[in-house]
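A.B. asks: Sequence first, then the predicted structure:
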Amino acid sequence: MITEASVRLRVKTLPSLPTTVVAMGQAVADERCTVDRILGILAKDPPLSATMLRLANSVMYAGDNKVTDLRSAVLRLGFDAMLNLGRTAAIIRSFRGAEHLDALRLWQHSVAVGMTAKGICRLLKNRVLEESAFLTGLLHDIGKIALDRCFPEEYTPVVQAIQAGRVGYEVEMELLGLTHAEVGAMLAVNWSFAEVLVEVIRDHHHPPPGAFLTNLINLCDLLVRSRLPNSPADETLSFSLEDLPSFREVFAGVPPENLDIERITFSIDDELEHAISFVKLAFQD
């Protein structure tokens, strides 16, 4: 079994967010932030800046209109989106390797969940939560990599059980005494992320009523896993969309006659393709 104390101790050995990303977060939180201030911070980290520019030109953000410099990217996307690009690039690049997990597959799943969550926010005209939805989707499974890196011996039988068809978070609780969701929340605390992000990561498998973001990530996780299986258990995943509690929570304010299920499912398939390309760009040196 793994204790919470040992998790808190070992996650401190994992890579921290680069000072560039931390400084960007502080700048964006300042209502007096300017484009030049963001560019000045990025100028101190050319490799990260180059990755962010590649991601800004991905299908997810740019479409057919490419940007050739960071100033244009900041002006087009805005401060919050650029901060998320920086966080995404830094986190994926720092956790490209894994002991037992297929890191590329895991990040493609996570980015797909984030993109799908952002897309549903856009569909609901909830533009305020779009970037938070993407970030929480990106990080909802970060605890899996933390377990893989910090507890490789203890995590080995868990991975073996998952590969044999067991449900991941159930076997984690059985063999480790806690789940990747709890470990991911501890890592988010260590990175000084907002409390709402910590709560979404911790509760995404069992979202409480009324918690929109947590239910949104739970819903998107199921939708993505049903199309891009993360494990053998996912290959038999089956559910009725309208019967999911998280679906009813997320779309509670939408009259049934206005729900276009076909449009939702088609948009998810598009996001899966975008996610695969997006993560390949993020993995590049």
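C.D. replies: Received the coordinates, thanks. Residues are numbered from 1 along each chain as shown.

A.B. asks: all contacts plus neighbour counts: C-alpha atoms, from now on.
C.D. replies: Noted.

A.B. asks: And the residue lying closest to residue 169 once chain neighbours are set aside, how close does it get to residue 111?
C.D. replies: The shortest distance from residue 169 to any non-neighbouring residue, by CA to CA, 6 or more residues apart in numbering, is to residue 179 (5.5 Å). Separation of residue 179 from residue 111 (CA to CA, to the nearest Å): 21 Å.

A.B. asks: And those two? Which one has more around it.
C.D. replies: residue 111 (28 against 21; other CA atoms under 10 Å).

A.B. asks: For the residue nearest to that one when sequence neighbours are not counted, list the residues it contacts.
C.D. replies: Leaving aside its sequence neighbours, residue 111 sits nearest to residue 138 (CA to CA, 6+ apart; 5.0 Å). By CA atoms under 8 Å, 6 or more residues apart in numbering, residue 138 lies in contact with 88, 107, 110-114.

A.B. asks: top of these by neighbour count?
C.D. replies: residue 113 (34 neighbours).

A.B. asks: Buried residues, the host helix or strand of that one. List them.
C.D. replies: Using DSSP states H and E, residue 113 falls within helix 103-123. Neighbour-count burial for helix 103-123 flags 103-104, 106-121 (criterion: 16 or more other CA atoms under 10 Å).

A.B. asks: report the angle between the axes of the helix or strand just after it and helix 103-123?
C.D. replies: Proceeding C-terminally, helix 103-123 gives way to helix 130-139 as the next helix or strand, assigned by DSSP H and E. Angle between the axes of helix 130-139 and helix 103-123 is 160 degrees (criterion: axes from the mean of the first three to the mean of the last three CA atoms, to 10 degrees).

A.B. asks: Measure how far helix 130-139 is from the centre of its chain, please.
C.D. replies: On the basis of CA atoms, centre = their mean, to the nearest Å, the separation between the geometric centre of helix 130-139 and that of its chain is 5 Å.

A.B. asks: Next, the contact list for residue 173, please.
C.D. replies: Counting by CA under 8 Å, 6+ apart, residue 173 touches residue 179.

A.B. asks: Now stretch 43-56: average pLDDT?
C.D. replies: Mean pLDDT, stretch 43-56: 90.

A.B. asks: next one: it to chain centre, how far?
C.D. replies: 19 Å.

A.B. asks: Pass me the low-pLDDT residue ranges in the stretch 151-285 of the chain, would you?
C.D. replies: Applying pLDDT under 70 to the stretch 151-285 of the chain flags residues 285.

A.B. asks: Please, where are all the helices along it?
C.D. replies: Secondary structure of the stretch 151-285 of the chain (DSSP state H, counting those that start in this stretch): helices at 152-163, 168-176, 180-190, 195-203, 212-227, 245-250, 261-283.
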